[in-house]
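Trainee: Starting from these lines, generate the structure:
(chains A and B)
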Amino acid sequence: MIRSITQQKPEEEIDRLLDGLGRVFIIGCGTCVTLTHTGGEPEVKAMKKKLIEKGKLVTGDVILPVACDNLTKEALNEYGEQIDQSDVLLIMTCAFGVQTIASQLKKMVVPALDTLFIGKETAFGEFNEICTQCGTCILGETGGICPVTSCHKGLVNGPCGGTNNGKCEIDNEKDCVWTLIYNRLKELGRLDAMRKLQKPRNHQGEPTPGKWKSVSLRSSDGQKA
Amino acid sequence: MSANNVPSRLKKILDAGHLAVTSECGPPRGSDPKAIKKKAEMIKDHVDAINITDNQTSVTRLCSLAACIHLKLMGVEPTLQMVVRDRNRIALQSDILGAASFDINNILCLSGDHQQFGDCPQGQNVFDLDSMQLIQTVRLMRDEGKFLGGDAINRPPQMFVGAAANPFADPFEIRVPRLAKKIAAGVEFIQTQCIYNLDKFELWMKQARDRGLHEKAYILAGVTPFKSAGMAKYMKNRVPGMDVPDDVVKRMSGVPKEKQADEGINICVESIQRLKEVEGVKGFHIMAIEWEDKVPEIVERSGLYPRPNDL
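Mentor: Predicted structure coming up:
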């Protein structure tokens, strides 16, 4: 399953963002951040304790089941009073959750986490970014492994000269994706795919910020499908 | 090799069958042009063209294009190194035209070191094109007189198109096919990564010859003299994609400190002598990092001086 991968912001940054805001309501999430241990129940509890020690008044806290879901509004209704009493919402979810909550409540929000990437759990407790949703998929020519995402330079025509024992020159914890692609294509007897000169990428595949409507909705709007 | 009339002196020398000699200068970390002119002055009579590096190792420096113009105005032939790390396809094409407007006739198309190694590791890289696509872009602009967008170019650039090749990065078996791909993309000359493991280079070159690649692009063998045993160890252990055999490190460490620089030059000259005998090597690219004053000695002792001047 894909997950939004987060890490807690440095304590000084959170302190700065909460400066002058004495009453805090804390929101965690039961989905991705629970799995990554960055915004689940134990982390929310620890944050609450720390803020109290720093002299803040914590008006309440909640772990939403899925912060980025539209039902979040209903879930937060139950905490109306505690939220009203707060100066700020300290949100320990990914930025999808932060923005979902911000769009539904007239309150300043402070994210306690940085959202790093949308990733897949590849081993217990290990997450890897394997797709950046570029809009112009070339997996059919690379043996199902994405160089746009997994090469630090996003090279689509083969590796640079810095491959180091199968690892990337900038991080020996990360595999050189072109070594992986080479090995995969070799295994599949399709090394010829590496000879193809990939054209410059079409960044207009879906220009950032992406927006998409399902085809059925487009036709009902009278738009061209 | 290629049937065009690009007015590059480097190309003419190679076309005439001479062993070419190129070198490179890194621009200064400041705006004083004297630094680059001084380096060029030291080596200009011993080389056919001088590469100007493009923010090498991702450290911010005076730009390659401006430094190339300084060389051009001195009457020295520059090779514009261009990395795709920092500019998108608009800026790359624009800078190619800028260089062409000063009749800069050689270009080296590179990916560029990742910014993590440099002075702005928090910066955003671009890599809108890769080195392969930059080669194709220059060829399109030159040969068809067109921009990537398809519009016609008034006075297209006249450039001899080069790229780098690293015979030593792994997996080794990918390296010759990668050279073949660059040639298919339109590259006309290659400057290799610094060669210390000559056996491995010879194997790479043999595989290139087996595919006839030595007849499709001019291959210039890259060499870098060691200044000290410390530098040899650093290159061996810290520089990705570099292959420095133990016996070379041992040889450098085996001489007293004050003699190590001389030993580094000796190794470099001996390497050139041996590489001259390798079929398909059409010249040398001498990268004497912040040691440009040694280039004339290396060229002379390698029997590559005087340079052809009747072209």
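
Trainee: in the stretch 1-150 of chain B, which spans are helices?
Mentor: Applying DSSP state H, counting those that start in this stretch to the stretch 1-150 of chain B gives helices spanning B:9-15, B:34-43, B:64-74, B:89-101, B:131-139.

Trainee: How about the stretch 151-300 of chain B?
Mentor: B:175-185, B:198-210, B:229-238, B:246-253, B:257-276, B:295-301.

Trainee: got JSON lines for those, with mean pLDDT too?
Mentor: Below are these laid out as JSON lines (pLDDT from 0 to 100):
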{"stretch": "helix B:175-185", "mean pLDDT": "97"}
{"stretch": "helix B:198-210", "mean pLDDT": "98"}
{"stretch": "helix B:229-238", "mean pLDDT": "95"}
{"stretch": "helix B:246-253", "mean pLDDT": "97"}
{"stretch": "helix B:257-276", "mean pLDDT": "98"}
{"stretch": "helix B:295-301", "mean pLDDT": "98"}
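
Trainee: could I get those helices as CSV with mean neighbour count and distance to B:M132?
Mentor: All C-beta atoms are positioned from the backbone trio N, CA, C, and that covers glycine. Compiled in CSV, the helices of the stretch 151-300 of chain B are given as follows (neighbours: other C-beta atoms under 10 Å in any protein chain shown; distance: least, C-beta to C-beta, whole Å):
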stretch, mean neighbour count, distance to B:M132
helix B:175-185, 21, 5
helix B:198-210, 17, 17
helix B:229-238, 16, 27
helix B:246-253, 16, 32
helix B:257-276, 17, 26
helix B:295-301, 19, 30
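
Trainee: Adding distance to B:K12, write the ones you listed out as JSON lines.
Mentor: Formatted as JSON lines, the helices of the stretch 151-300 of chain B follow (distance: least, C-beta to C-beta, whole Å):
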{"stretch": "helix B:175-185", "distance to B:K12": "20"}
{"stretch": "helix B:198-210", "distance to B:K12": "24"}
{"stretch": "helix B:229-238", "distance to B:K12": "33"}
{"stretch": "helix B:246-253", "distance to B:K12": "35"}
{"stretch": "helix B:257-276", "distance to B:K12": "20"}
{"stretch": "helix B:295-301", "distance to B:K12": "19"}
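
Trainee: Which other helices and strands does the top strand by length along chain A contact?
Mentor: In terms of residue count, the longest strand belonging to chain A (DSSP state E) is strand A:113-123. The criterion is 3 or more C-beta pairs under 8 Å, 6 or more residues apart in numbering or on different chains; DSSP states H and E, and the helices and strands that strand A:113-123 contacts are strand A:2-8, strand A:126-128.

Trainee: The helices of the stretch 1-150 of chain B: which one's closest to chain A?
Mentor: Smallest distance to chain A across the helices of the stretch 1-150 of chain B (C-beta to the nearest C-beta): 3.9 Å, for helix B:131-139.

Trainee: For the closest one, what is the distance to the chain centroid?
Mentor: Its chain's C-alpha centre and that of helix B:131-139 lie 16 Å apart, by C-alpha atoms, centre = their mean, to the nearest Å.

Trainee: Any part of it near chain A?
Mentor: Yes: under the criterion of C-beta under 8 Å from any C-beta of the partner chain, chain A is reached by helix B:131-139 at B:131-133, B:136-137.

Trainee: Close to chain A: what parts of chain B are there?
Mentor: So far as C-beta under 8 Å from any C-beta goes, chain B lies against chain A at B:85, B:89, B:111-114, B:116-117, B:125, B:127-133, B:136-137, B:148, B:164-166, B:169-171, B:174, B:177-178, B:180-181, B:184-185, B:193, B:240-241.

Trainee: Whichever of those residues end up buried, select them in ChimeraX.
Mentor: Burial among these is assessed by 16 or more other C-beta atoms under 10 Å in any protein chain shown; the matching ChimeraX selection reads:
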select /B:85,89,111,112,113,114,125,127,128,129,130,131,132,133,136,137,148,164,165,166,169,170,171,174,177,178,180,181,185,193,240,241
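
Trainee: Dump the C-alpha coordinates for stretch B:226-238 into CSV.
Mentor: Extracted C-alpha coordinates of stretch B:226-238, given in CSV (Å, rounded to 0.1, in the frame of the first residue of the first chain):
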residue,chain,number,x,y,z
PHE,B,226,48.8,12.8,-9.0
LYS,B,227,50.4,15.6,-7.0
SER,B,228,50.9,13.4,-3.9
ALA,B,229,50.3,9.9,-2.5
GLY,B,230,47.4,11.5,-0.5
MET,B,231,45.7,12.6,-3.7
ALA,B,232,46.1,9.1,-5.1
LYS,B,233,44.4,7.6,-2.0
TYR,B,234,41.7,10.2,-2.1
MET,B,235,40.9,9.5,-5.7
LYS,B,236,40.9,5.8,-5.1
ASN,B,237,38.7,5.9,-2.0
ARG,B,238,36.6,9.0,-2.3
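
Trainee: Give me the residue ranges of chain A where confidence is low.
Mentor: A:219-225 (pLDDT under 70).

Trainee: one more time with 80, if that's ok
Mentor: Counting by pLDDT under 80, chain A contains low-confidence ranges at A:205-207, A:217-225.

Trainee: Out of the helices and strands packed on strand A:113-123, flag the one nearest chain B.
Mentor: Across the helices and strands packed on strand A:113-123, chain B has its closest neighbour in strand A:2-8 (16.3 Å, C-beta to the nearest C-beta).

Trainee: Buried residues, that closest one. List them.
Mentor: Of the residues in strand A:2-8, A:3-6, A:8 count as buried by neighbour count, 16+ other C-beta under 10 Å.
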